[in-house]
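In: Got a predicted model here, sequence first, then my questions.
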Amino acid sequence: MENKLHGQVAIVTGAGSGIGAGCAREMAKAGATVVINYPTTAGSAMAADVVASIAANGGMAIAYQCDVSKEDQVMNMFADVIKQFGTVDILVNNAGLQKDAPFTEMTLEQWNFVLSVNLTGQFLCAREAIREFLRRGVNGKSKSAGKIICMSSVHEVIPWAGHANYAASKGGVHLLMKTIAQEYAPKKIRINSIAPGAIQTPINHDAWDTAAHLQNLLKLIPQKRIGQVEDIGKAAVWLASDDADYVNGTTLFVDGGMTLYPGFEDNG
């Protein structure tokens, strides 16, 4: 891949596995120095594996433990990264999780846990990133003062019974992204979202772990294949690059057509 992000520093949250790891690898291939954020010590080995895979391909990455739902930890992460690398140019607000339950059985703890990571975590990380972008301004590495990519989901627009907390968090990401993009576009800060569809990651393992499950999933995808983390990573590189300099405040759906509502492909 062309070094579209050469010399830039990217923080990718929740990058120890899945979509976050895919984004981190693709950004490193594009020339960025990547901070692999992971939340707990239990994820340190996976984060180290991502760092090692990037180094093996000639890239630069470090791992950094931080729970994005904790304000003090987020502030410390940004301060430490800026101290080590001078600044932050790109934030991929990827960290997210699910705690599913029927609505009447969902506990307040389940609701709060998902919202704290999926939505509050994006608020905290975006706030610190924008503070740094405003402090530094345009520095010649990019036409923008900074770029934020919020990881959303097709479920920012598609309701998802049994997942009210997750769907609400992604709906929140949708308008958080648009609102701060509107607020900071005059400062040459670009903020967009990627909304993945079904991507082959551990979080949805039960949807593709058998041939029968996979075929059932493909009924929801007009393109008739499950997405790969590289599909999201390459989209993230494009959004972070100057190729997307006039793209601001939009959600890029990378879903194989899932939002085309394939249940209607035979006239309903």
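Out: Done, it's in. Treat the numbers as computed from the prediction; the structure is a model and nothing was measured.

In: lowest-pLDDT helix or strand in this protein?
Out: None of the helices or strands of the chain scores lower by mean pLDDT, DSSP states H and E than helix 211-218, at a mean of 89.

In: which residues in this structure form strands?
Out: For the chain, the strands defined by DSSP state E cover 9-12, 33-38, 60-65, 90-93, 146-151, 189-196, 251-254.

In: Can I get the first one in PDB? Just the C-alpha atoms.
Out: Read that as strand 9-12. The C-alpha coordinates for strand 9-12 follow below in PDB (Å, rounded to 0.1, in the frame of the first residue of the first chain):
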ATOM      1  CA  VAL A   9       0.800   8.800  14.700                       C
ATOM      2  CA  ALA A  10      -2.400   6.800  15.000                       C
ATOM      3  CA  ILE A  11      -4.100   5.600  18.200                       C
ATOM      4  CA  VAL A  12      -6.400   2.600  17.500                       C
END
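
In: Pull up the pairing partners for it, direction included.
Out: According to DSSP bridges, strand 9-12 forms sheet pairs with strand 33-38 (parallel), strand 90-93 (parallel).

In: Give me the contact list for that strand.
Out: 20, 23-24, 27, 32-37, 64, 77-78, 81, 85-92, 94, 125, 129, 240 (C-beta atoms under 8 Å, 6 or more residues apart in numbering). Quick note: C-beta positions are derived from backbone N, CA and C, even for glycine.

In: hmm, try it at 7 Å
Out: Strand 9-12 is contacted from outside by 20, 23-24, 27, 32-37, 81, 85, 87-92, 94, using C-beta atoms under 7 Å, 6 or more residues apart in numbering.

In: ranges for the helices of the stretch 151-268 of the chain?
Out: With DSSP state H, counting those that start in this stretch as the criterion, the stretch 151-268 of the chain has helices at 164-184, 211-218, 229-240.

In: quick one: which of these is nearest residue 150?
Out: Of all the helices of the stretch 151-268 of the chain, it is helix 164-184 that lies closest to residue 150, at 4.6 Å by C-beta to C-beta.

In: Need phi/psi at the spatially most central residue of the chain.
Out: Taking C-alpha atoms, centre = their mean, the centroid of the chain lies closest to residue 94, which sits 2.7 Å from it. Reported as degrees, to the nearest 10, the phi and psi values for residue 94 are phi -100, psi -30.

In: Surely it touches residue 149?
Out: No: using C-beta atoms under 7 Å, residue 94 is not in contact with residue 149; the gap is 8.0 Å.
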